[in-house]
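# Requesting a structural model of the entry that follows:
(chains A and B)
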Amino acid sequence: MSSPASTPSRRGKRGRASNPTSPRSEDVRSPPSQRRRNDDTSTGELQPMPTSPAADARSPNVQDTSLFSSPARSRYSAPLSELDLSSPLTYGTPSSRVEGTPRSGVRGTPARQRPDLGSVRKARQVDLHSDQPTGEDAVSSEQPVGQKLVIWGTDVNVATCKEKFQRFLQRFVDPSAREEENAGLDLNEPLYMQRLEEINVVGEPVLNVNCCHLESFDTDLYRQLMCYPQEVIPTFDMAVNEIFFERYPDSVLEHQIQVRPYNALKTKNMRSLNPEDIDQLITISGMVIRTSQLIPEMQEAFFKCQVCSFTTRVEIDRGRIAEPAVCKNCNTTHSMALVHNRSVFSDKQMVKLQESPEDMPAGQTPHTTVIYAHNDLVDKVQPGDRVNVTGIYRAVPMRINPRQSNVKSVYRTHIDVIHFRKTDEKRLHVADQELEQKLFTEERVQMLKELANKPDVYERLSSALAPSIYEHEDIKKGILLQLFGGTRKDFSHTGRGNFRSEINILLCGDPGTSKSQLLQYVYNLVPRGQYTSGKGSSAVGLTAYVMKDPETRQLVLQTGALVLSDNGICCIDEFDKMSDNTRSVLHEVMEQQTLSIAKAGIICQLNARTSILAAANPVESQWNPKKTTIENIQLPHTLLSRFDLIFLMLDPQDETYDRRLAHHLVSLYYQSEEQMEEEFLDMAMLKDYIAYARTYIHPRLSEEASQALIEAYVDMRKIGSGRGMVSAYPRQLESLIRLAESHAKVRFSDKVESIDVEEAKRLHREALKQSATDPRTGFVDISILTTGMSATARKRKEELAQVLKKLIQSKGKTPAFKYQQLFDDLRGQSDVAITKDMFDEALRALGDEDFLTVTGKTVRLL
Amino acid sequence: MMPSAQDWLINPLGVVQDFVGKFCFAFTGLCERTDRKGKNGKLCDEKISKLDWEKRALEYFKEKLKETEAASWVPSLNDVPLHYLKPNSLVKFRCMVQDMFDPEYYMGVYETVEPSTQARVLHIGKYRDVAECEPQHEVDLQSQNNITMERQTFYCVPVPGEAQWVKEISFFCDTSANDLFLPIKVSRNTRPSGYASSSQARVSPSTSYTPCRHKRSYEEDEDMDAQPYKQKEQLTATDAQADSKRLETEALLAQQSSAPTCSPPLDLNFPLPGEKGPACLVKVYENWENFKVNDIVEVYGVLSVDPALSVLSDHRDDALSMDPMEADEEQRVHSPPASLVPRLHAILAHKLKHVNPLVPASLCTEDGKGFVSNFLTDLVTVRAELLGLLTGVLLGDGVAAEYLLLHLISDVYARHDVLPLGKFTVNLSGCPCTSSYTERLYRIIQLLVPCSYHLCMTLHNMNSLKFIPHKDYAANRLVSGVLQLARNTSLFVDETQLEQGQLDSTGVQNLAALGNLIMWQKVDYDFNYHRMEFPCNINVLITSEGRSLLPVAPPHLEQYMQSLQDALLPSLLTKFRVYLSLVRHLEYSISAEVTKAVEDDFVEMRKNEPRSVSAEDLHRMLVVARLLSLSVGQTSLSREWWQRTKELEILRRRRLEQQKCVNGNEL
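Next up, the predicted model:
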């Protein structure tokens, strides 16, 4: 700080600087760990160095206790605070103020420099010098009464500002307190006083202030904060520290409390930043794409005279060090040498932030912004994190060459971070809360609710889904329910863990029935969708893989499609073409909703609460109606049974259908742009509707509905039991519950009622009718899906085995048969065609009974 | 006191400054402002309202360019080597937006001060990179009269795959105007004889740099070394343009020296390998939200090649003391030497629908409409002749020729949720694998369409080429890929080059991307942490082997194709080119009556052979019908053409079935 009052201000500075130099005499080594802050790593190691006389001069009293390191300071600070009030100059140098004033009441907790507010401030200070007359004019012109002082260039009066903020801290009660972050706080007490208490207990001297609160309390103060953050925040700091140390005079903190405002409403989008935002407090969201190494930034240079060992300190001004040319002590020129390890550094990190993909207009590339994190904010974020950054927007002119008069007329912009807030932090831990809740305007919510009140909302929405795909109403309805999902239930206390709320759907059917298009549509509709093709994806691509980060050389886990679509929908095309071990990964995901990984020393379980929408083609390229679903698509039944709904997308051969289809398609081709626009609006509406329902509606089963569900389940069991087969399993019941809940969500209803159950039943039945009908008998047979074989087929197999057994027994006491001969005999005896496969099956069945063994070409009885 | 006619070409900044001069009094009143911060917002508004000159200047340039032929006086950066262009003169550039950099804040208005006398002068920072000031003056960064403004930088490359003929035709007309800059006229006729008549109306003395251009484009790189000396000789012989010569030598030196000094040569980031031409950083001052990546843009702007911009990279330590991370990579990419990547400050920039120089840029204007109606009269004959040519090229296959023609005029005209409407990808299977048939075929297509690219599906290409553009976060730019193409580019995928071997992961990704492109007309650009979908509009033509569909190839295919190419009359070629570009942009509709007929037909077809006609077929038929109608200049579908569509489709299907039988396996 090259402020006019250079000694006091520098001394104040030493609150920071004193750490490395404090253990000046060997006997009084006072390295209390709590005092030495982590961020002083660059200088921290230098502690044992003998100190210079200058340092001694600055703190006459050797510290008796480590905590109150410099009583001297309070002694000096008295005149300093006077200076504060009297001279506008000091207002222009907030740092000196911060360091000076509060100390009187604070008794030596060191103030910590705030580089986040800093760098440009110094520039201004110099201005003040050069334009001094102007500066004073400004002040005087703006102070009608002599008492009303404002900081130069602003309309901020320190005293009022401080007072207002203190009032805010002491009085503010959050009226709409429901945020999860307020856990453990009494909502009726002033929020920030509780926060201060927390600081006292925890010892982390940072007070985060939600700007929304401030705005609702005092709009004027809020405006000042937005416009002049670098003047107002230090004032806030001052105010907080006064209150804090008044309340908790014995509190021990690393340094003085710093106020960190967040959630400024100013700007939400990186794209909307413009030159008017410079030097203002803004909040933007984005994704971290790069972080730099830690940069030690020199704050104060330490010079030593080579001749007389006189030392002096020079503060950095706008990135430059003004090297003293002449030693003040011995008047030798050019004798001062920089001593690096006694200079003072602060941590700094450059972070690149990129616009989040959601904020971007189509067809443009994302913007990036440089942000600088200081001190303890360094290394708070990693590449890939989604963050909300609150900070001060800066623009610095670029100079081509200091000797040249021409200047590149471009400014370099960056943001000095004051507060980071990760948006996806909670996602990993809290199951239900999606933190990036979309904010809906009042009108929008009203519109959505109106829509929800329409009796045919379900039909409306399902027809708005992929309008370019014709008909397939039930399939669309199924997908609609999938988009909404069921209610998440937690049964972990009973040992059952989470019940999955996601609905999985499999579409199978003839090629060219726009399955892929449907998938593509869904993928484009949901915010967290992934689209993969079974053919191109490996188990690794779906789950996660470990790779070496080229920069840090650390092993990092790269997540695949399933993890990425957590809380979304993973669309898998060409499901049948997927290799077996890839598919096996899905078993866990589709029921337990987690993904276990054990590779390269990384063993973990990731959440993959994703719905799966898969499409499969029949093996014979055309659907063979004479075969069961399993036979047609050749997927393991273990996997199939995990799908709640399996739909067949077949080409109905029906004239009226054809006609409507033709009409639909032709209209696509001559529709005007406006009509398309309308439909597009529908899609946005649909998106919002789904997002709203997913976040705010959590239906529960009503008594009536649970009865209906029980009945439905019992009915399903009954159907089968008549023919000696099981026609429903608990899995089906769970599916029904999910579907019913989802349908209730569509209606924005908090209760699942019987109409929901009805629809769930209907849809489930429809899907079963399509996929689980035994082609041989024409009955719906759930065991096709659950065991891969219809009950009739199993019966037939048993019968054949019995026939074969009889045949063998009728042959008398021969211990062995020729395989081929036995086969021929059986065929001759039977009136239905018996294939070799069937024969083998029968032999195997008998083998299992320990009746015979097959060795090569002979069959031996046991 | 309008500036003289040539001023606005040579010294556009002067013109702007003149406009400013008139409003200068506005600033003097502002100088006594004291409060800098408090009224910041208000102050800006106040000032801007007084910055009326901006609007005036813009209008002035618009007016100027509207004048007949005026646009053609402006030298084009596409054509004229950089070192022949005067810095700070008005140039034009036709390009594709390849990447968008972050917005830039610059000093819109700044004040300079002379330290001794305290004399202050206001300057305009618009349209320039470096804040200039008079000798002895210094820029006062703290001045309260400075206004910070915002502009957007686009990284632009010449339209990828632009055909040679497009370049030739569009710049022959331009060169006539360049006398202004280079009075030396060296008559040289390097043009292929065929073009003489096509550009007869514009035949003009070509200027000294014409040979240079032809050299660059026609000859191999080895010639590059010899070339400078030739040029120098020419110049010294005529001994005129001292200025341009100096620039030229500078540029050459820069080019030559850049190779050894800069560690790796700067990658100009062209989408297609082997492209040449200047890349350019275009600074746009207004309405930049309207531009999208891959748009074709024509920019009229002030050329800035201030060497100071390059110096910046030498004095890096100073400039970068602020941010050490933005080290080499990004610095190199975002401020490359101005001699390699000039800066262009756009005064006017507008999007183009096509780059065909034979067709007016906009068909909606009066001129455009007149042009269209003129052309419509002999549309049918042109179509017939073009069909004849294509039939010849496809060795006498009329059906394939018809489809190829439809393909060449296809265009994604709308999207219905995810479904692109109007895409028409054609696969010519059964191309003779002997000799270089596909190569020849491509050459003819190249002659017809303005932009094209021949993508050989060799194993090497598939595994090593970058198809998908991806974001390089170290350099903070979008590294281009083969599939980053401007609208209506013909992508000629040559599958006859397929060979045995294994695709590695890049290869698989590339193929998936190509598949996506064909299916959905979109490319997912790779942003490392996520992918971003960019819709595109690329005509994909695939040639593949298989049993020859075409009648037996003539024994001397090479000569045959060459003769076809030679026989192309230039006048006819011009017509073909106009035809292909024009027909694509015609309006189209289907009447209710025909709709009904189409529906009936579909139902009928389904009845007869339900297995073989699906919704997809109807989609295709509707596209074919649309393209057929357009190809004869009809803007609504008639029954007749619907019939013809059906016939065509039936013919095509039959052929496919035959082939299926012969090969015994599915295709």
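# Mean confidence (pLDDT) on the helix or strand hosting residue B:427, please.
Using DSSP states H and E, residue B:427 sits in strand B:426-428. For strand B:426-428, the mean per-residue pLDDT is 78.
# So which elements touch that strand?
If you count contacts as 3 or more CB pairs under 8 Å, 6 or more residues apart in numbering or on different chains; DSSP states H and E, strand B:426-428 packs onto helix B:398-408, strand B:538-543. Heads up, the C-betas are built off the backbone N, CA and C, glycines and all.
# Would you mind finding the most buried of the ones you listed?
Neighbour counts (mean count of other CB atoms under 10 Å in any protein chain shown) averaged over each of the helices and strands packed on strand B:426-428 peak at strand B:538-543, with a mean of 22.
# Name the surrounding residues that touch that strand.
B:404, B:407-408, B:410-411, B:424-429, B:431, B:438, B:441, B:445, B:483, B:485, B:487-496, B:514, B:517-518, B:521 (CB atoms under 8 Å, 6 or more residues apart in numbering or on different chains).
# try 6 Å
B:407, B:410, B:425-428, B:431, B:438, B:485, B:489-496, B:518 (CB atoms under 6 Å, 6 or more residues apart in numbering or on different chains).
# tell me the angle it makes with helix B:398-408.
160 degrees (axes from the mean of the first three to the mean of the last three CA atoms, to 10 degrees).
# that older thread, strand partners of the strand holding residue B:427, parallel vs antiparallel please.
strand B:538-543 (parallel) (DSSP bridges).
# The partner strand - what's its average pLDDT?
In this model, strand B:538-543 has a mean pLDDT of 84.
# same check, this time on stretch B:354-371
75.
# cool, stretch A:304-318 as well?
79.
# contact partners of the helix or strand where residue A:221 lies?
Using DSSP H and E, residue A:221 falls within helix A:219-227. For helix A:219-227, the surrounding residues in contact (CB under 6 Å, 6+ apart) are A:156, A:164, A:214-215, A:232, A:266, A:280-281.
# Can you point out the buried residues in stretch B:270-279?
B:270-272, B:275, B:277-279 (16 or more other CB atoms under 10 Å in any protein chain shown).
# so who does the closest residue to residue B:100 other than its chain neighbours touch?
Of all residues not flanking residue B:100 in the chain, residue A:365 sits nearest, at 4.6 Å (CB to CB, 6 or more residues apart in numbering or on different chains). Contacts for residue A:365 (CB under 6 Å, 6+ apart) come out as B:100, B:293, B:478.
# Any chance of these in TSV with secondary structure as columns?
Shown next, in TSV, are the contacts of residue A:365 (DSSP: H, G, I helix; E, B strand; the rest coil):
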residue	secondary structure
B:100	strand
B:293	coil
B:478	strand
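# and which of these is nearest to chain A?
Closest to chain A out of the contacts of residue A:365 is residue B:100 (4.6 Å), distances taken as CB to the nearest CB.
# Give the burial count for that closest one, as a bare number.
23 (other CB atoms under 10 Å in any protein chain shown).
# and if you look at residue B:652?
16.
# just residue A:730 next, same as before
Neighbours of residue A:730 (other CB under 10 Å): 8.
# Residue B:79 too?
Around residue B:79 there are 25 residues (other CB under 10 Å).
# Also residue A:647?
24.
# what's the nearest residue to it if we skip its chain neighbours?
Here the residue nearest residue A:647, using CB to CB, 6+ apart, is residue A:475, at 4.8 Å.
# In what element of secondary structure is that neighbour found?
Residue A:475 belongs to helix A:473-484 when assigned by DSSP H and E.
# Please list the residues outside that helix that contact it.
Taking CB under 6 Å, 6+ apart as the rule, helix A:473-484 contacts A:461-462, A:465, A:503, A:505, A:611, A:645, A:647, A:690, A:693, A:739, A:742, A:745-746, A:763, A:766.
# From the residues you listed, pick the one nearest chain B.
The closest of these, once distances to chain B are taken by CB to the nearest CB, is residue A:465, at 9.6 Å.
# Am I right that residue A:487 is in contact with residue A:743?
No: if you go by CB atoms under 6 Å, residue A:487 and residue A:743 don't touch, sitting 11.6 Å apart.
# of those two, who's got more company?
Remark: of residue A:487 and residue A:743, residue A:743 carries more neighbours, 26 against 21, as counted by other CB under 10 Å.
# quick one: contacts for that one?
Contacts of residue A:743 by CB under 6 Å, 6+ apart are A:756, A:759.
# Quick check, pLDDT for it.
We have a pLDDT of 85 for residue A:743.
# hang on, the earlier thing: restrict the buried residues of stretch B:270-279 to contacts with chain A.
Among the buried residues of stretch B:270-279, not one lies near chain A by CB under 6 Å from any CB of the partner chain.
# Residue A:603 - how many residues pack around it?
Residues lying near residue A:603 (other CB under 10 Å) number 9.
# Pull the helix or strand hosting it out as PDB, backbone CA atoms only.
Residue A:603 is part of strand A:602-607 when elements are defined by DSSP H and E. Taking C-alpha atoms only, strand A:602-607 is exported to PDB below (Å, rounded to 0.1, in the frame of the first residue of the first chain):
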ATOM      1  CA  ILE A 602     -10.400 -47.700  -7.600                       C
ATOM      2  CA  ILE A 603     -13.300 -49.500  -5.900                       C
ATOM      3  CA  CYS A 604     -16.400 -47.600  -5.600                       C
ATOM      4  CA  GLN A 605     -20.100 -47.500  -6.100                       C
ATOM      5  CA  LEU A 606     -21.600 -44.800  -8.200                       C
ATOM      6  CA  ASN A 607     -25.200 -43.800  -8.400                       C
END
